[in-house]
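**Q** For reference, the sequence and a predicted model appear below.
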Protein chains: 2
Amino acid sequence: MKKEYAVIGLGRFGGSICKELSREGMEVLAIDVDEDKVNEYKDIASHAVIADSTDENVLKELGIRNIDHVIVAIGDNIQASILSTLMLKELGIKKITVKAQNDYHEKVLNKIGADQVVHPERDMGKRIAHNIISNNVLDYLELSDDHSVVEVKAGHKMIGKTLVDLDIRARYGCNVVGIKRDREINVSPMATETILDGDILIIIGEDRDISRFEKNLVADDD
Amino acid sequence: MKKEYAVIGLGRFGGSICKELSREGMEVLAIDVDEDKVNEYKDIASHAVIADSTDENVLKELGIRNIDHVIVAIGDNIQASILSTLMLKELGIKKITVKAQNDYHEKVLNKIGADQVVHPERDMGKRIAHNIISNNVLDYLELSDDHSVVEVKAGHKMIGKTLVDLDIRARYGCNVVGIKRDREINVSPMATETILDGDILIIIGEDRDISRFEKNLVADDD
Ligand SMILES: Nc1ncnc2c1ncn2[C@@H]1O[C@H](COP(=O)(O)OP(=O)(O)OP(=O)(O)O)[C@@H](O)[C@H]1O
Ligand SMILES: Nc1ncnc2c1ncn2[C@@H]1O[C@H](COP(=O)(O)OP(=O)(O)OP(=O)(O)O)[C@@H](O)[C@H]1O
Ligand SMILES: [Ca+2]
Ligand SMILES: [Ca+2]
Ligand SMILES: [Ca+2]
Ligand SMILES: [Ca+2]
């Protein structure tokens, strides 16, 4: 059977989740105390209702028990976020994801049984800080504390050379797993591939190896 | 010479950028109208000052002209965000990154010369929606509209098989570029590598190929 979702709190974060789940064809119940927000989502979500999620009877009337996964995206009102999570838990919801405002909030949410606690602003702040420091690293995926996949602009020292010439794997210990050229992405680059001006390389490896690679082959382009 | 940064607005997003830049050893001037916020960052940033960034004289007195890159992370007060950006631009700041609240805000920011406009809540909402829909896709990096790098739990159909056995490249058109096992990451997996229970595969490819791979080899584990 198809999973059903509910999003409580249609701020920028909750609203974006609601939109994306709906776009992917999911059943979504959108809830907010604010009528304007609810109106904004009534043609996007499967159902959109004005309701206060801290009111247990309201939650029951909405049939929230039948929902498989509830996302609590209430922001500034930490008390409402905690209370809503507590009641959803008591109503037997199997999976609850909650947006936390700070570490204290997260601790409480974990204690009362939230299954997933997220910090959207904090995580995105970290990503953008890294993007700001290294002009050449366009985007990245953290695989662990010390490994990443990064998108890096090809430096001028690389232009016209092949991957064999550059010998990146042997010299830096990281691997070029893709090349972005114009709007095309080659996800099986050959060793004989020549790097062109404007290419973006997708590289996997240890962070310190990637940094070394970036310092030696890219950084002075800034 | 070392670059200098300023962060205006120490909410969760701006605060996170300020922390991360400082942690990476950068010079950061932290600014907020709210005294409590400024106190929170006075031991983190190089300098932290209480100031209203919509006041041009204040910005001048702070020596903001010497800053290489200013991040405007003012939230709900869209007018203050726009006005601050406009004045920073007029003062000749070379690089300005601004957090937008919505599409209209973004349009105005682009018109008045913001160099980078970001939507942290919206982008993170999209990421988390995808993570919610596919329980098996743990994290991902969008390379383009139709290519990604994803982290996927190995499905039970894969356990005990080698990458050669699974023939993922030929059958699905995507490549396994890394394997996460316990806390180790192998970024040069050999074709003869056997997949173990609990392994996480790092895969690059077209989104529809990755989906097909995920549906056929992983999805029914849920
Ligand atoms: N008890 C409640 N029941 C339902 N919705 C609520 C409740 N309390 C707050 N909300 C709604 O949650 C939404 C998000 O809250 P708020 O704007 O404070 O968070 P935020 O973290 O600043 O949001 P974002 O950063 O995602 O834009 C608002 O639209 C608000 O109306
Ligand atoms: N004119 C201004 N000058 C300096 N700081 C300001 C100004 N206006 C607002 N701020 C500060 O910007 C910070 C962020 O604003 P706000 O909390 O409205 O945004 P937000 O988008 O909800 O934040 P976040 O989601 O990142 O927590 C606040 O700490 C606020 O005091
Ligand atoms: Ca926010
Ligand atoms: Ca990750
Ligand atoms: Ca807010
Ligand atoms: Ca990207």
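**A** Sure thing, it's come through. Ligands and ions are numbered 1, 2, ... in the order given.
**Q** any idea which element the residue sitting furthest away from the middle of chain A lies in?
**A** Of all residues in chain A, A:Asp165 has its C-alpha farthest from the mean position, at 35.9 Å, by C-alpha atoms, centre = their mean. Using DSSP states H and E, A:Asp165 sits in helix A:163-166.
**Q** got the contact list for A:Ile74?
**A** With contact set as C-beta atoms under 8 Å, 6 or more residues apart in numbering or on different chains, A:Ile74 has these partners: A:8-9, A:11, A:14, A:53, A:80-81, A:84, A:99. (C-beta placed from N, C-alpha, C; glycine too.)
**Q** Filter those residues down to the ones in helices?
**A** A:14, A:80-81, A:84 (DSSP state H).
**Q** now, which of those sits nearest B:Lys180?
**A** A:Gly14 (30.4 Å; C-beta to C-beta).
**Q** Helix or strand next in line after the helix holding A:Asp165, which one?
**A** Counting by DSSP H and E, what follows helix A:163-166 is helix A:168-172.
**Q** Show me which positions of that next one end up buried.
**A** Within helix A:168-172, the residues scored as buried using 16 or more other C-beta atoms under 10 Å in any protein chain shown are A:168-169, A:172.
**Q** Ok, stretch A:141-155 next?
**A** A:141-143, A:147-155.
**Q** ok now that stretch, how far from the chain's centre?
**A** 16 Å (C-alpha atoms, centre = their mean, to the nearest Å).
**Q** picking up where we left off before, what sits up against the helix holding A:Asp165?
**A** So helix A:163-166 is contacted by A:158, A:176, A:189-193, A:195, A:217 (C-beta under 8 Å, 6+ apart).
**Q** rerun at 6 Å
**A** By C-beta atoms under 6 Å, 6 or more residues apart in numbering or on different chains, the surrounding residues in contact with helix A:163-166 are A:176, A:191, A:193.
**Q** Narrow the residues you listed to those in helices?
**A** Per DSSP H, these never map to helices.
**Q** ranges for the helices of chain A?
**A** Assigned by DSSP H, chain A shows helices spanning A:12-23, A:35-41, A:56-61, A:78-90, A:103-111, A:120-133, A:163-166, A:168-172, A:207-217.
**Q** Let me know which of these is tucked in deepest.
**A** Highest mean neighbour count of the helices of chain A: helix A:12-23, a mean of 24 (counted as mean count of other C-beta atoms under 10 Å in any protein chain shown).
**Q** Of all the helices of chain A, which one is nearest ligand 4?
**A** Set against ligand 4 and scored by C-beta to the ion, the helices of chain A come closest in helix A:120-133, at 10.0 Å.
**Q** what mean pLDDT does that closest one have?
**A** For helix A:120-133, mean pLDDT rounds to 92.
**Q** could you check whether it is close to chain B?
**A** Yes: on the criterion C-beta under 6 Å from any C-beta of the partner chain, helix A:120-133 is in touch with chain B at A:120-122, A:124-126, A:128-129, A:133.
**Q** And ligand 4, is that helix touching that?
**A** No: judged by C-beta under 5 Å from the ion, helix A:120-133 makes no contact with ligand 4; its nearest approach is 10.0 Å.
**Q** Compute the inter-axis angle for that helix and helix B:12-23.
**A** For helix A:120-133 against helix B:12-23, the angle by axes from the mean of the first three to the mean of the last three C-alpha atoms, to 10 degrees is 40 degrees.
**Q** Helix A:120-133 vs ligand 1: in contact?
**A** No: Helix A:120-133 is not in contact with ligand 1 by C-beta under 6 Å from any ligand atom; minimum separation 6.7 Å.
**Q** mind saving the C-alpha coords of that helix as PDB?
**A** Output of helix A:120-133 as PDB, limited to C-alpha atoms (Å, rounded to 0.1, in the frame of the first residue of the first chain):
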ATOM      1  CA  PRO A 120      18.200  22.300   8.100                       C
ATOM      2  CA  GLU A 121      19.700  25.800   8.700                       C
ATOM      3  CA  ARG A 122      22.700  24.500  10.500                       C
ATOM      4  CA  ASP A 123      23.500  21.900   8.000                       C
ATOM      5  CA  MET A 124      23.100  24.200   5.000                       C
ATOM      6  CA  GLY A 125      25.200  26.900   6.800                       C
ATOM      7  CA  LYS A 126      28.000  24.400   7.000                       C
ATOM      8  CA  ARG A 127      27.700  23.500   3.400                       C
ATOM      9  CA  ILE A 128      27.700  27.100   2.300                       C
ATOM     10  CA  ALA A 129      30.600  28.000   4.500                       C
ATOM     11  CA  HIS A 130      32.700  25.300   2.800                       C
ATOM     12  CA  ASN A 131      31.500  26.500  -0.600                       C
ATOM     13  CA  ILE A 132      32.500  30.100   0.400                       C
ATOM     14  CA  ILE A 133      36.000  29.100   1.600                       C
END
